[in-house]
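Colleague: 3D, please:
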Amino acid sequence: MLEKCGGFATFTELYRLVDTSRWGTKTAAATIRRIVQQDAKCFYRIVPGQWGLVSMRKQIEGSGADARNPKYTHGYYQGPLVDIGNAEHYMTYVPPADRNRQYSQSKLGDKTTLRRIYEFTGQKILRKAKTVDTIWFNCREMPDSFFEVEHTTDIQHSLDKFYELQDFNAKFFIVSDLANKAHFDDLLSYSHYREICKRVEFRDYAWLYKYYRLKMEVSGMVL
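Modeller: Numbers count the residues shown, from 1 in each chain. Here you go, the predicted structure:
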């Protein structure tokens with residue numbers, strides 16, 4: 001099955017690709033995860049949530065099409081945020097420039113529910129909000145959560161956005177590699193961010209995919 005996807009896929013894609021109708025189990029998704037995670041001779045983890053065939057490792061890495069490539073990084077991690085938001089019945093938004101980003105085997109724009117951001121504030125602040133990587137809006141068309149994905153260490157740029165959006169009763173999240181947590185904590189200690197330091201939360205990639213998997217299973221989207 002993985003050969004058809006270029007040798008790599010997310011668990012969500014594997015759930016859809018593998019025919020488990022004859023397995024005689026109600027926990028097919030868990031069985032697939034166990035097979036992939038325990039068979040190190042056949043499968044290797046590329047990043048949290050994405051696995052590849054050992055036999056095609058050179059081809060995968062040579063193509064630059066997996067989630068470690070910066071070209072795909074934002075789409076790969078924005079995708080689960082959009083899926084979770086949709087599952088929790090929020091309206092989901094990503095900037096226009098990100099809609100063609102690769103979300104594993106699909107486009108990020110195929111997942112979002114909003115083509116244009118709600119005009120929930122004045123144009124000056126709205127221009128800033130339009131650049132946030134992922135936004136969840138509630139049924140009153142107001143922002144519930146803002147997410148910034150930072151694969152590099154440019155976290156300060158994201159915090160500056162949150163600073164400008166602090167007057168809204170919304171949650172702020174930085175999604176990044178766990179290795180960037182110390183840098184995040186250091187930045188939040190600056191007096192400049194005193195007014196938002198207790199509102200911004202750090203979520204690492206492993207946490208994101210664990211929460212994503214659980215949320216999708218509960219919602220019935222990855223059975």
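
Colleague: rest of the way, CA atoms for contacts and neighbours
Modeller: Fine.

Colleague: now do the helices in this structure.
Modeller: 11-17, 28-38, 57-63, 70-87, 123-129, 155-164, 181-188, 205-219 (DSSP state H).

Colleague: from the chain's centre, how far out does the third one sit?
Modeller: Here the centre of mass of C-alpha atoms in helix 57-63, compared against the chain's by C-alpha atoms, centre = their mean, to the nearest Å, lies 23 Å away.

Colleague: output it as CSV, nothing but the C-alphas.
Modeller: Coordinates of each C-alpha in helix 57-63 appear next as CSV, following Å, rounded to 0.1, in the frame of the first residue of the first chain:
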residue,chain,number,x,y,z
ARG,A,57,14.2,5.2,2.4
LYS,A,58,16.8,6.5,0.0
GLN,A,59,14.1,7.2,-2.6
ILE,A,60,12.0,9.0,-0.1
GLU,A,61,14.8,11.1,1.3
GLY,A,62,16.1,11.8,-2.2
SER,A,63,12.7,13.1,-3.4
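
Colleague: which elements pack onto it?
Modeller: Under the contact criterion of 3 or more C-alpha pairs under 8 Å, 6 or more residues apart in numbering; DSSP states H and E, helix 57-63 touches no helix or strand at all.

Colleague: and for that helix, what's in contact with it?
Modeller: Contacting residues not belonging to helix 57-63 are listed as 6-8, 52, 66 [C-alpha atoms under 8 Å, 6 or more residues apart in numbering].

Colleague: alright, calling it a day.
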